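Colleague: Below are the sequence and a predicted model; questions follow.
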Amino acid sequence: MRLVGPESYLDHLEGLTPQAREQLQAEVDRMLERLVREVQRVEFAERHDQLEAPEITATMVMRAASVLQPTALRPRPPRMVALHALNLACAAAAGVLTGRLDGLWQWALLGVFTGVSVAASSYLYRRRWQ
Amino acid sequence: MRTAAAAEFLRRLNDLEDTAALLSGHPLALRKTVETLVEQGVWLKEDAVAFGRLFRVRDAVLHEDLPARTELRTALREVDRLASLIAGAARTHPLSPD
């Protein structure tokens, strides 16, 4: 499949051996194939109730491209942003409480805030490697 | 975090997609694959729609908007059901991508 020829880009690459040129073309073809397959999946997911009328929109192409991006480059889902905020708030609250530990309530709250913060941090840390 | 059930769902859906593509003879065209399977009577239209719904679940999993456990279990059962229909058709009409 050769929808987009990379020749114009290759012109800017100096010292490209014929084998490297071939390899580059193969990599482009492979990436293009993955993207085309993913676009079809996204389209079918969204319009599976209209079997006879496929329609691929620009948004679908962007969504498909985002699936192929490494996880670290994808926008964070809102739930994860909220978890980051909760982690920060609990850590800050625990920090403030450490200066006012003059009762059982304060110790209990410190335990809760610390526990939530540690749990949220370890969850967020583990997610980085998923 | 992607759960083991979600990972298993992705793996089985991937296998189902590959087998369906092989049986239909259209490895690169998902719509064509579905169309062919419906035409050949391997799947009903409802099965094709169910197949599409599975990709919606996949999309949610990949975008880290994890579906509920029950929804994932239902999706896994659906994958197995559609795969068994294909396996049944492959037994009666051996796979011939050529």
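Modeller: Arrived safely.

Colleague: switch to C-alpha atoms for all contacts and neighbour counts from now on
Modeller: Fine.

Colleague: Around residue 26, how many other residues sit close by?
Modeller: All of this refers to chain A. The local packing count at A:Ala26 equals 14, with neighbours defined by other C-alpha atoms under 10 Å in any protein chain shown.

Colleague: let's do chain B instead
Modeller: Residues near B:His26, counting by other C-alpha under 10 Å, number 17.

Colleague: Could you verify my assumption that it touches B:Thr33?
Modeller: Yes - with contacts defined as C-alpha atoms under 8 Å, B:His26 counts as touching B:Thr33 at a distance of 5.6 Å.

Colleague: Could you check which helix or strand contains residue 33?
Modeller: No chain specified, so I'll use chain A. A:Glu33 is part of helix A:18-46, with elements assigned from DSSP states H and E.

Colleague: To clarify, I was referring to chain B.
Modeller: Mapping B:Thr33 onto the secondary structure by DSSP H and E places it in helix B:30-39.

Colleague: mean confidence score for that helix?
Modeller: What helix B:30-39 shows for mean pLDDT is 91.

Colleague: Residue ranges in the chain under the pLDDT threshold?
Modeller: The chain I'm using is chain A. Low-confidence segments of chain A (pLDDT under 70): A:1-8, A:10, A:71-77, A:126-130.

Colleague: Hmm, no, I was thinking of chain B.
Modeller: Of all residues in chain B, those with pLDDT under 70 make up the ranges B:1-2, B:64-66, B:93-98.

Colleague: who's in contact with A:Arg34?
Modeller: Taking C-alpha atoms under 8 Å, 6 or more residues apart in numbering or on different chains, we find A:Arg34 in contact with no residue.

Colleague: Over to A:Leu51?
Modeller: By C-alpha under 8 Å, 6+ apart, the contact list for A:Leu51 reads B:Arg31, B:Glu35, B:Ala48, B:Val49.

Colleague: That concludes my questions; thank you for your assistance.
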